[in-house]
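Peer 1: please find the sequence and the predicted model below.
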Amino acid sequence: MKKIIFSTAIICLVLGMAVFSLASNKNEPDYRLVFENAERSDIPTPFRRITEQPPDSQKNLSRDSFGRIGDEILSFHITVAEEDWLKMWDKPFKYVKCTVRFGDEVYRDVGLRFKGNSSSRVRGLKKPYKLKFDEFDKKQRFHGFKKLNFQNGFRDPSLLREKLAYDLFREASASAPRATFAKLYLTIDGHYDDEYIGLYTLVEQVDKVFLNDRFSDTSGNLFKYEGMFGFVYKGDSPEAYIKEYEAKLNKKQRDFSVLIRFIKMLNDTPEEKFEEEIEKAFDVENFLSWLAVNTLLSNLDSYAGSGHNFYLYYNKGTGKFEFIPWDLNEAFGNHHVLAKAQDMVQLDIYEPYAKPKILIERILRVPKFKERYIEKIKALLDGPFQQSAMYEKIDTLYKKIEKDVQADMWKDFTTEDFERSIEHNIQSKRRLDIIYIG
């Protein structure tokens, strides 16, 4: 059999290294409006002044009720008390109260905290943030959304990886969150007054709002995996799984029985019965869509590599588990822990993972599933992942965010890094193709 290797050099290298109080009762999330299809200290401190303030390009412009001007990037203005800001540094994952202004809308008593692991250790104010609108007011929503995630582009000077990656997953019909861009402004009483802290990728939260939109079901259990290998059978006791599989819904019930049965089936089912059993318990088609895109993205900071960055949802409506990707800032060959950049550029599509990965291994051993996976790879290369399509997407997004990135005085890289990550490597004219090797 010929071995197929694909080159993602084009992408891995291209991306180079009126005010009122509002508590919306709207239950349906407004996807159309939210998502479209300097000198710094070396030591992090809660407060540090940067005097240069970028121009406010939005003044005196006519807005709709959502704050958007045509294809304008969304802007969020956050105000937090000094004592609460200091609490965030002591306990980064505990919510404090803040006020959020969005256009002419003001949301009070919104939960604010830092998020992420490595990404939260950046210097200065441009950390990743999470807003939880119903943390202190259970009825409060932001146009139907309970939570919003602001990703700071950690280790991505292009600031395009997550947006491009989430869009590709969705174009391939994989169950994935939506993503768009947003600008954040921060006021800390006595320290900062509407300080522009940069351009972020705004990512949809995987929660009941997401599940209801994708699966029309929120009654099942949602797990976020926080281990390294995944799907290792450790017996029938829930205690063996609680640390790795974090329950996100129905926490009081803590029902791990369906998950444990699935893991046991995955490990113990004989080869001759595996195709039938896995299709009963798992949305294989959705998973193959994820795997095809993840392979082309050389995204090894995922289940395929580091083993985490995914959710599992048990859809009671279908009786099957759904696989949902998460945290894509290391996509396009940006995760170098398990492999060098060149290794990821020439990742073998038949083994696009770091072993052991039992879910991928067993599924790809089924001829029907393997054939379907290759079909999806080819469809992506002929469609949204073809060279001209990707160049067009990158050019469009670059033009959209260029001025806001240049104005970002808190970014964890230079403007030259940003420009080089786009322009220099695009001009290198790397090919994107499939190479057949005997």
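Peer 2: Right, received. Where do you want to start?
Peer 1: tell me which element A182 falls in.
Peer 2: Taking DSSP states H and E as the definition, A182 sits inside strand 179-188.
Peer 1: which residues touch that strand?
Peer 2: By Cβ atoms under 8 Å, 6 or more residues apart in numbering, the list of residues contacting strand 179-188 from outside reads 34-36, 47, 73-82, 85, 125, 129, 150, 162-163, 166-167, 192-204, 400-401, 404. Heads up, the C-betas are built off the backbone N, CA and C, glycines and all.
Peer 1: note down every partner strand of it and its orientation.
Peer 2: If you go by DSSP bridges, strand 179-188 pairs up with strand 74-80 (parallel), strand 192-204 (antiparallel).
Peer 1: got a list of what the residue nearest to the spatial centre of the chain touches?
Peer 2: In the chain, the centroid-proximal residue (Cα atoms, centre = their mean) is D327; its distance is 3.7 Å. Neighbour list for D327: D301, N309 [criterion: Cβ under 8 Å, 6+ apart].
Peer 1: give me the neighbour count for the residue nearest to W326 when sequence neighbours are not counted.
Peer 2: Nearest non-adjacent residue to W326, counting by Cβ to Cβ, 6 or more residues apart in numbering: N309, 4.9 Å away. Residues within reach of N309, counting by other Cβ atoms under 10 Å, total 21.
Peer 1: N309 touches F323, doesn't it?
Peer 2: No. At 11.3 Å, N309 does not count as touching F323 under the criterion of Cβ atoms under 8 Å.
Peer 1: what's the first helix or strand after the helix or strand hosting W89?
Peer 2: Counting by DSSP H and E, the element that carries W89 is helix 82-90. Counting by DSSP H and E, the element after helix 82-90 in chain order, helix or strand, is strand 96-102.
Peer 1: what about the residue nearest to W326, distance to D301?
Peer 2: 6 Å (Cβ to Cβ, to the nearest Å).
Peer 1: next one: L211
Peer 2: Noted for L211: a distance of 24 Å to D301, by Cβ to Cβ.
Peer 1: please apply the same query to K127.
Peer 2: Applying Cβ to Cβ, the value for K127 to D301 is 19 Å.
Peer 1: ok, those two, which is more surrounded?
Peer 2: Higher neighbour count among K127 and D301: K127, with 24 against 21, using other Cβ under 10 Å.
Peer 1: what's the burial count for L33?
Peer 2: Counted with other Cβ under 10 Å, L33 comes out at 15.
Peer 1: can you tell me the SS state at the spatially closest residue to F145 that is not a sequence neighbour?
Peer 2: In this structure, F145 finds its nearest non-sequential neighbour in P29, 5.3 Å apart by Cβ to Cβ, 6+ apart. What DSSP: H, G, I helix; E, B strand; the rest coil gives for P29 is coil.
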